[in-house]
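Colleague: with the sequence up front, the predicted model follows.
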Amino acid sequence: MVIGRKKKALLHIAKEKLHLDEETYRQILKGVAGAESSTELNREGFEKVMKRFQEMGFKGLLPYAYQPVPKGRLIPPDSPQGFESVTPSQKSFISYLLENLNWDEGHYHAFCRRIIKKPDPLTKREVRRSSSV
């Protein structure tokens, strides 16, 4: 599956920040991910290219530059939305964080017990609280 427009935009931001000309940019895409342009990149290729850009000095927009900002928002304390079940997007974001932190299940559950007093987040509010720390 090809990457979305936000990730394509991030590639072009990195290109500009690194002062790459079009030819150099396309050589990196081809050499690192085997793609002629960003429209051909899949997730794995995107991550390889972003890793290369980071090696070249791109600091990114976030601590993990190629992970888009989660779509959630702060949930007010009195909102019933905070009691809704965890969404697939939130589960995916947690998996991404665990993978990048190299945490095993035991470490993750210990962290959750310390932050939300449960081994696993069950509601949207608990997920937001545990992933924003």
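Modeller: Yes, it's here.

Colleague: got the buried residues for stretch 52-63?
Modeller: 52-53, 58, 60 (16 or more other C-beta atoms under 10 Å). To be clear about C-beta, it is placed using only N, CA and C from the backbone, and glycine gets the same treatment.

Colleague: flag the least confident of those residues.
Modeller: pLDDT across the buried residues of stretch 52-63 is lowest for residue 60, at 71.

Colleague: which residues does that one contact?
Modeller: 10, 14, 50, 54, 66 (C-beta atoms under 8 Å, 6 or more residues apart in numbering).

Colleague: which helices and strands sit right next to the helix or strand encompassing residue 112?
Modeller: Taking DSSP states H and E as the definition, residue 112 sits inside helix 105-116. Judged by 3 or more C-beta pairs under 8 Å, 6 or more residues apart in numbering; DSSP states H and E, helix 105-116 is in contact with helix 124-131.

Colleague: number of nearby residues for residue 110?
Modeller: Per other C-beta atoms under 10 Å, the neighbour tally for residue 110 reads 13.
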